[in-house]
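Peer 1: okay, predicted coordinates and the sequence, questions at the end:
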8 protein chains.
Amino acid sequence: ARTGDPEVVFGRGKTPSQVVAALAALHEAHPEGAVLATRLDDDALALCRAELPDADLDEVARTAVLGKPRTSQGRVAVVGAGTADLPVVRECVTTVRVFGADPDLIVDVGVAGLHRLLAQRDRIDSADVVVAVAGMEAALPSVIGGLTGAPLIAVPTSVGYGWHLDGLTAWLATLNSCAPGVLTVNVDNGFGAGVAAARIARRAR
Amino acid sequence: ARTGDPEVVFGRGKTPSQVVAALAALHEAHPEGAVLATRLDDDALALCRAELPDADLDEVARTAVLGKPRTSQGRVAVVGAGTADLPVVRECVTTVRVFGADPDLIVDVGVAGLHRLLAQRDRIDSADVVVAVAGMEAALPSVIGGLTGAPLIAVPTSVGYGWHLDGLTAWLATLNSCAPGVLTVNVDNGFGAGVAAARIARRAR
Amino acid sequence: ARTGDPEVVFGRGKTPSQVVAALAALHEAHPEGAVLATRLDDDALALCRAELPDADLDEVARTAVLGKPRTSQGRVAVVGAGTADLPVVRECVTTVRVFGADPDLIVDVGVAGLHRLLAQRDRIDSADVVVAVAGMEAALPSVIGGLTGAPLIAVPTSVGYGWHLDGLTAWLATLNSCAPGVLTVNVDNGFGAGVAAARIARRAR
Amino acid sequence: ARTGDPEVVFGRGKTPSQVVAALAALHEAHPEGAVLATRLDDDALALCRAELPDADLDEVARTAVLGKPRTSQGRVAVVGAGTADLPVVRECVTTVRVFGADPDLIVDVGVAGLHRLLAQRDRIDSADVVVAVAGMEAALPSVIGGLTGAPLIAVPTSVGYGWHLDGLTAWLATLNSCAPGVLTVNVDNGFGAGVAAARIARRAR
Amino acid sequence: ARTGDPEVVFGRGKTPSQVVAALAALHEAHPEGAVLATRLDDDALALCRAELPDADLDEVARTAVLGKPRTSQGRVAVVGAGTADLPVVRECVTTVRVFGADPDLIVDVGVAGLHRLLAQRDRIDSADVVVAVAGMEAALPSVIGGLTGAPLIAVPTSVGYGWHLDGLTAWLATLNSCAPGVLTVNVDNGFGAGVAAARIARRAR
Amino acid sequence: ARTGDPEVVFGRGKTPSQVVAALAALHEAHPEGAVLATRLDDDALALCRAELPDADLDEVARTAVLGKPRTSQGRVAVVGAGTADLPVVRECVTTVRVFGADPDLIVDVGVAGLHRLLAQRDRIDSADVVVAVAGMEAALPSVIGGLTGAPLIAVPTSVGYGWHLDGLTAWLATLNSCAPGVLTVNVDNGFGAGVAAARIARRAR
Amino acid sequence: ARTGDPEVVFGRGKTPSQVVAALAALHEAHPEGAVLATRLDDDALALCRAELPDADLDEVARTAVLGKPRTSQGRVAVVGAGTADLPVVRECVTTVRVFGADPDLIVDVGVAGLHRLLAQRDRIDSADVVVAVAGMEAALPSVIGGLTGAPLIAVPTSVGYGWHLDGLTAWLATLNSCAPGVLTVNVDNGFGAGVAAARIARRAR
Amino acid sequence: ARTGDPEVVFGRGKTPSQVVAALAALHEAHPEGAVLATRLDDDALALCRAELPDADLDEVARTAVLGKPRTSQGRVAVVGAGTADLPVVRECVTTVRVFGADPDLIVDVGVAGLHRLLAQRDRIDSADVVVAVAGMEAALPSVIGGLTGAPLIAVPTSVGYGWHLDGLTAWLATLNSCAPGVLTVNVDNGFGAGVAAARIARRAR
Ligand SMILES: Nc1ncnc2c1ncn2[C@@H]1O[C@H](COP(=O)(O)O)[C@@H](O)[C@H]1O
Ligand SMILES: Nc1ncnc2c1ncn2[C@@H]1O[C@H](COP(=O)(O)O)[C@@H](O)[C@H]1O
Ligand SMILES: Nc1ncnc2c1ncn2[C@@H]1O[C@H](COP(=O)(O)O)[C@@H](O)[C@H]1O
Ligand SMILES: Nc1ncnc2c1ncn2[C@@H]1O[C@H](COP(=O)(O)O)[C@@H](O)[C@H]1O
Ligand SMILES: [Mg+2]
Ligand SMILES: [Mg+2]
Ligand SMILES: [Mg+2]
Ligand SMILES: [Mg+2]
Ligand SMILES: [Mg+2]
Ligand SMILES: [Mg+2]
Ligand SMILES: [Mg+2]
Ligand SMILES: [Mg+2]
């Protein structure tokens, strides 16, 4: 892209062969770095596996990567509240790597079990930037915001029960965090958080 | 009331003299217990002070109490996140007392300063019932829910900045808590939470 | 759980074998009490029936229970308005039992047929805590709130026709009840109401 | 109006002298019946009192009437839940009278005190049409719908506390009543309900 | 029902055999009148046809009727805006008949073709009560309200394109009609409108 | 402006002297055409009257115009439903004139009195473009859309009673019109409709 | 239609044979012009191909056209932001042609790649009317509004990710454009925009 | 604060003397750095001017600063779309400075006048982090996102007309930007954006 970032294929609404063709073409045009495809359905993942043997696939994140990222600078702590948030967490992790930074995965540290979160405090506080992924009432970013002064990006997820409004609850929560300086992206947008986190981490001292 | 609970005057929409007259009449009809008035504006509080010298007034809670509660059984921990939540916290505290239980006030323990909350853990865990009052993203009830197995009532408040939707954010958060068994009342409804908490505490062993 | 309550498996989003494995493992780790699985689909219920012959299944509630509850203290009246509310009512009943209290089931007492409700008045008023489950306009909790001073939890359900907003109508109704002290949980959340009710009932004198 | 109904002045957004002039002109044009003004503010009521000595004013309903209704046929039971609903109740009562039917006022029969409502059952059931006015969760129309087969119009009011959404809660409730055949009008629209009720009552045998 | 009205089976959420059994049982218990089933899916309609040869089925309205209505008093004009509104129109027509009044069906008179509507003006104006069924922006009830002084019930439908909000647009429109006295029911609720209309028509002189 | 259109001062949020200064400066810079100020409060209108004797003021539209429009080409029928819509209607009329077309004002033709609207049919149908301004349920644009094939712009207004949602009702109605090709602008945006209408009319043959 | 425009079949909710029959009948009744069918599903398109060999089909737009448009006057620039907006763009293009104007298709000019849009500036600015189709945050109409003074119609689309509210985001954006005079239609309503654009273009000098 | 950041006084809801006392106390406790007060009303600003002669006041931003920031590292481009966004822009600028980075102010570059924005392209692209402040449809962040690969924070503002929903329109737009990696904060939250931007800039190489 004109901004110097890697090229990305948004899988939703594309046929498997459109995805594979796009990945192959972009990889040929940009052999010096990695190209990424996100939001792949089962068929697209299967065709990638068959036709792109060099691709790096993640069935949970629903991503495919072709080629090697040009850099790996700066550390991004990607922190997830619950198991159900994992697809979003891993979409973020893959994106961070493709966009040239080093992801550090910390999961299952939801606020109803504080001791597990507090045990990871140093790892979180020493990162160049923190991404906090949480659904339901999304309390996690606020608690992390009280534990670190590092740049902090919240990713609300659509994980919930009853009237959760497909993630609106979590979204409103992150935008109203009592911890100052929390940044946010759209619901389930692990990709967007990863792009932003990598840009921040790559520039960090 | 037919349910055996104290009588209550809802001050909003009543003139100061209507409030004073209602309190006096109910007190005369029920001299053996306390009667409560809530949501009093400045004028109503002033007239109560002038005309009802025996009344117990709280300018922050905007309540007036006439008479002595019949019982004081069971302990209710009323926990508040921030300073701005105080009017709701104190409306709850007064209601708990009037409805026959013993309130235990714990304030300024918002989740962005976890150490202050953790320092109160035993006091919270040993209560017969806990009321957690919080605005903004209302993370407090979820964190408390991970610290205690006592009955837990969340009161979302309208405290917020920007697009908080007059408390909807906090309300949705409490209803989607990742801690199981969190009960909730309407936004800013310290009175309702106090009634319910007192009923639970009075019956507790 | 750290709060001393039974372990629970949330079935939604898990494969049948994940559910069975989780139940078996938790039962082995906690042989002295009961473990519960909720929101099981047809396949998960079938596999439980095949592989966990000792499990107690409820096809309507969509729950499975392994092991015996440690206690059975206090009585919870679980009151349902209509037939369509039954899955929520029974999820609540099972949860109450697993969490150590004694459920008392009262159904088909919607407010459009008041005589049926009034006939159950004593049974409701003598419970340690009441759970009122109702959809559509959810008038039931308010009417019950006028009949008893016992702690009262409303469960709004998504049962409705036309523009019911998937339960929002019922939810708003319960949070705005004209009866003081009504507590509420998320739409269709029989589980959450059961957890809270059992905690209250177990502690009641 | 072309439909044969009385002329009406909607006071909101009009100056006091515009209101008085409109009433006087319409009365002169239609001396054989009554003309009505609604939603009058304090100044408009004061000017009506000063300049239209024959007008019939209601300070609670905020209405003014000039002239005598041509008919008084059929009885409309106008039933109100609480004191705060009174302005809407009385706007309806006045409208019913001006539009040619006979209003029967029944107030303070909210569902949290069922015995008061049940005591009025016969008066309600024998009316030609029933108007039920209620705020908060607006349970009243559903309970009345179970007590009578007469045509029933619900008027949701904006009376509430906390997140009531200016009457949306009550409105959704009336539109989702579990009693069949409940009709509804906009929030606080005692006028619209009165027009419709009078039309029905006037034609009733 | 206790209100003296016919019994009704709400088909949604019931199996075909539950529907058939319910209809047969209610018909046996109430042989002197008609019983109605609404919202029947294809399977339920097929089983009714096979097992209840005397039933009167309507595939568009998705209704079944067993037995003869006891009365046929008063005329209800049921007016529909477009072809897509027909299922709601006919659910209303059948309900009117079962509940003892005489329906008069007038369709395809949407406001974008005014001449067709104006041609039916007398038939509409002479009815005892009018039901106006319309989707999209639901302008029809307002236009009819300017043409007649008869009692008028609007049924908003979920017929629309783009952001119609499943009928909310039409619903808000009917509740804000510039014609006074328009009554309304929930979206697509032809049944509720039919019940109310029949009650009004049966009592009309 | 770069698009060749007149310059406009948006009055809201500006002090009276800022408005006057801006108008004077723009007029000096563009002496060959007209400049427009909209949304002026009472103070701004008063200062304009005092300091800009050549300005053309409209107290109802809350606009001020300095200078002469360069052209007057094409006719725009500006049609208003009710008296309360007049400020929006006149803001549109002034804008049309300033932007170089010829406005034709037609008011008080709401759909509940169809005969008045039908009497203006030819004047509407012969315009180069029609602007239909309506509040409440905003049925007017749909009815006009059935009477003419001219380009048609609907302006929903915030005029309503009860739950009108500050114009959302009217807005949804215009966007869901059953007449094809209806264009719309934001609630109360007479200015925007006027700009668009003038652009269309000026180019019309 | 009475407005002189071509006849249109709205395919949604119609069976393939209903669509074919309607097209054939309308074509026979109006042989001198074109008739259009929109929103055709795969089956309807297949049957049109089989039975109406002279029909002009567009699988992306999901339209069918029978007959020749009577005129082709005036040029409509139809500008699309992204690939996913193409179905809406092409529904608009076909409608413009059928309704008698000349569409000029300009695609893939989203605002995140400004140079591509600026390269088309003259083609856009010289059109008689511009239609701008965009999803997500729908910034395109505002940017175009700064580049041209031609009449401008925005079509918000439901293309988005995360919490996009099925097009509400884009819709609100177009209605709040900072460029004056932007007109809008409902979400994804390429047909409505095409009708309006053709009417404007046909009359343009 | 425990995170190492400066102390901040949130002025809303505090009396002028509370603000002055809080600033003075925090400055005495933290003499080595700056302390900030935000959202000050006119009275609070006046008292600060009178009692805190060393304070640095901004009447537009409504902020007060006492003491010198400890560092000034990294450059933050703060870009504002329109004049009405200025209070938010300047709250952000002051916060950036107090939190230890160097703000670079670029205003009046809304997307309807693209040339002004493009003229600032290099200044924007060379910053360590960019904050884009915009109301109405908030198109600015997306256009900037196509011009630079620097970390980008969008601040939606409540600036709008008609149905803007107090900033929801702009908020939804920023969260659905077609440019990847756009981060966002709550409506009008210049403070939060400033905190986050300073944290990122201070750490940048
Ligand atoms: N702060 C409050 N919030 C909600 N309900 C209240 C409050 N205070 C009093 N009430 C209710 O208002 C009733 C009295 O209302 P009233 O008769 O209008 O004074 C009491 O019985 C309570 O149920
Ligand atoms: N189409 C319908 N829409 C709304 N309510 C209905 C409808 N049909 C039946 N009902 C209601 O459903 C009740 C019967 O419900 P059930 O006992 O579940 O069959 C009837 O008494 C009616 O009040
Ligand atoms: N894609 C579309 N979106 C909205 N309205 C449409 C569309 N296509 C056709 N229509 C409208 O539908 C009408 C025909 O509807 P019908 O008679 O049901 O086929 C036409 O006159 C158009 O006004
Ligand atoms: N303009 C603002 N918007 C949102 N939060 C703010 C703002 N200004 C200060 N704060 C927060 O408010 C806290 C201080 O609140 P208080 O102790 O009530 O003065 C600070 O630590 C900030 O996190
Ligand atoms: Mg969470
Ligand atoms: Mg909080
Ligand atoms: Mg119910
Ligand atoms: Mg009520
Ligand atoms: Mg219609
Ligand atoms: Mg209108
Ligand atoms: Mg776009
Ligand atoms: Mg902008």
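Peer 2: Yes, it's here. Here the structure is a predicted model, which is why all the values come from computation and not from measurement. Residues are numbered from 1 along each chain as shown, chains lettered A, B, ... in the order given. Ligands and ions are numbered 1, 2, ... in the order given.
Peer 1: what parts of chain A come near chain F?
Peer 2: Chain A has no residues near chain F, with proximity defined as Cβ under 8 Å from any Cβ of the partner chain. The way it works is simple: take the backbone N, C-alpha and C, and place the C-beta from them, glycine included.
Peer 1: spatially nearest residue to the residue of chain A found nearest ligand 2, not counting backbone neighbours?
Peer 2: Closest residue of chain A to ligand 2, Cβ to the nearest ligand atom: residue A:163 (22.1 Å). The shortest distance from residue A:163 to any non-neighbouring residue, by Cβ to Cβ, 6 or more residues apart in numbering or on different chains, is to residue C:187 (4.7 Å).
Peer 1: dihedrals phi and psi, the one you found?
Peer 2: Dihedral pair for residue C:187: phi -50, psi 130, per degrees, to the nearest 10.
Peer 1: those strands in chain A, which residues are they?
Peer 2: A:8-10, A:35-38, A:56-58, A:63-66, A:75-80, A:102-106, A:129-134, A:152-156, A:182-184 (DSSP state E).
Peer 1: any idea how far the first one is from the chain center?
Peer 2: Pointing back at strand A:8-10 there. Offset of strand A:8-10 from its chain centre (Cα atoms, centre = their mean, to the nearest Å): 14 Å.
Peer 1: check the fourth one too.
Peer 2: Relative to its chain's centre, strand A:63-66 lies at 14 Å (Cα atoms, centre = their mean).
Peer 1: mind listing what the closest residue to chain G within chain A touches?
Peer 2: Taking Cβ to the nearest Cβ, chain G has its nearest neighbour within chain A at residue A:186, 3.3 Å off. For residue A:186, the contact set (Cβ atoms under 8 Å, 6 or more residues apart in numbering or on different chains) comprises A:171, A:192, G:161-163, H:175-176.
Peer 1: quick one: mean pLDDT over stretch A:39-48.
Peer 2: Taken as a whole, stretch A:39-48 has an average pLDDT of 97.
Peer 1: buried set for it?
Peer 2: By neighbour count on 16 or more other Cβ atoms under 10 Å in any protein chain shown, the buried set for stretch A:39-48 is A:39-40, A:44-45, A:47-48.
Peer 1: same thing with stretch A:109-116?
Peer 2: For stretch A:109-116, a neighbour-count test (16+ other Cβ under 10 Å) marks A:109-114 as buried.
Peer 1: now the residues you listed in JSON lines, with pLDDT and distance to residue F:103?
Peer 2: Below are these laid out as JSON lines (pLDDT from 0 to 100; distance: Cβ to Cβ, whole Å):
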{"residue": "A:109", "pLDDT": "96", "distance to residue F:103": "65"}
{"residue": "A:110", "pLDDT": "94", "distance to residue F:103": "62"}
{"residue": "A:111", "pLDDT": "95", "distance to residue F:103": "61"}
{"residue": "A:112", "pLDDT": "91", "distance to residue F:103": "64"}
{"residue": "A:113", "pLDDT": "90", "distance to residue F:103": "68"}
{"residue": "A:114", "pLDDT": "94", "distance to residue F:103": "67"}
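Peer 1: now for those: which two are most distant?
Peer 2: A:109 and A:112 (10.3 Å; Cβ to Cβ).
Peer 1: can you add distance to residue E:118 and give the buried residues of stretch A:39-48 back as CSV?
Peer 2: Shown next, in CSV, are the buried residues of stretch A:39-48 (distance: Cβ to Cβ, whole Å):
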residue, distance to residue E:118
A:39, 54
A:40, 58
A:44, 57
A:45, 61
A:47, 61
A:48, 63
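Peer 1: domain parsing for chain A?
Peer 2: As given by automatic domain parsing, the domain ranges for chain A are A:8-66, A:75-203.
Peer 1: is the last one positioned near ligand 4?
Peer 2: To tie it back to what came earlier, the one meant is domain A:75-203. Yes - using Cβ under 6 Å from any ligand atom, domain A:75-203 reaches ligand 4 at residue A:180.
Peer 1: pretty sure residue A:168 sits against residue G:163.
Peer 2: Yes - between residue A:168 and residue G:163 there is a contact under Cβ atoms under 8 Å: 6.4 Å.
Peer 1: which neighbours do the two have in common?
Peer 2: residue A:187.
Peer 1: what does chain A have sitting close to chain C?
Peer 2: Going by Cβ under 8 Å from any Cβ, the residues of chain A near chain C are A:84, A:113, A:161-163.
Peer 1: tell me which of the buried residues of stretch A:39-48 fall in helices.
Peer 2: A:44-45, A:47-48 (DSSP state H).
Peer 1: where do the helices sit along chain A?
Peer 2: According to DSSP H, the helices that chain A contains are A:16-29, A:42-51, A:86-98, A:114-118, A:121-125, A:140-145, A:168-175, A:190-203.
Peer 1: contacts for the third one, please.
Peer 2: It refers to helix A:86-98. Applying Cβ under 8 Å, 6+ apart, the contact partners of helix A:86-98 are A:6, A:34-36, A:38, A:58, A:60-63, A:65, A:69, A:72, A:76, A:78, A:80, A:102-103, A:105, A:107, A:131, A:133, A:155, A:157, A:188-191, A:193-195, A:197-198, A:201.
Peer 1: is it positioned near ligand 5?
Peer 2: No - for helix A:86-98, no contact with ligand 5 is found by Cβ under 5 Å from the ion; the gap never falls below 12.1 Å.
Peer 1: in chain A, what residue lies closest to ligand 1?
Peer 2: Relative to ligand 1, the nearest point of chain A is residue A:163 (22.3 Å; Cβ to the nearest ligand atom).
Peer 1: residue contacts, that residue?
Peer 2: Residue A:163 neighbours (Cβ under 8 Å, 6+ apart): B:172, B:175-176, C:166-168, C:171, C:186-187.
Peer 1: just the endpoints, please. Distance across stretch A:137-151?
Peer 2: 21 Å (Cα to Cα, to the nearest Å).
Peer 1: against residue A:188, how distant is residue A:170?
Peer 2: To residue A:188, residue A:170 is 9 Å away according to Cβ to Cβ, to the nearest Å.
Peer 1: the two: who's more crowded?
Peer 2: residue A:170 (37 against 27; other Cβ atoms under 10 Å in any protein chain shown).
Peer 1: contacting residues around the more buried one?
Peer 2: A:134-138, A:156-160, A:164, A:187, B:176.
Peer 1: would you format those as CSV with neighbour count included?
Peer 2: Formatted as CSV, those follow (neighbours: other Cβ atoms under 10 Å in any protein chain shown):
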residue, neighbour count
A:134, 31
A:135, 29
A:136, 31
A:137, 33
A:138, 36
A:156, 33
A:157, 28
A:158, 20
A:159, 26
A:160, 24
A:164, 21
A:187, 25
B:176, 27
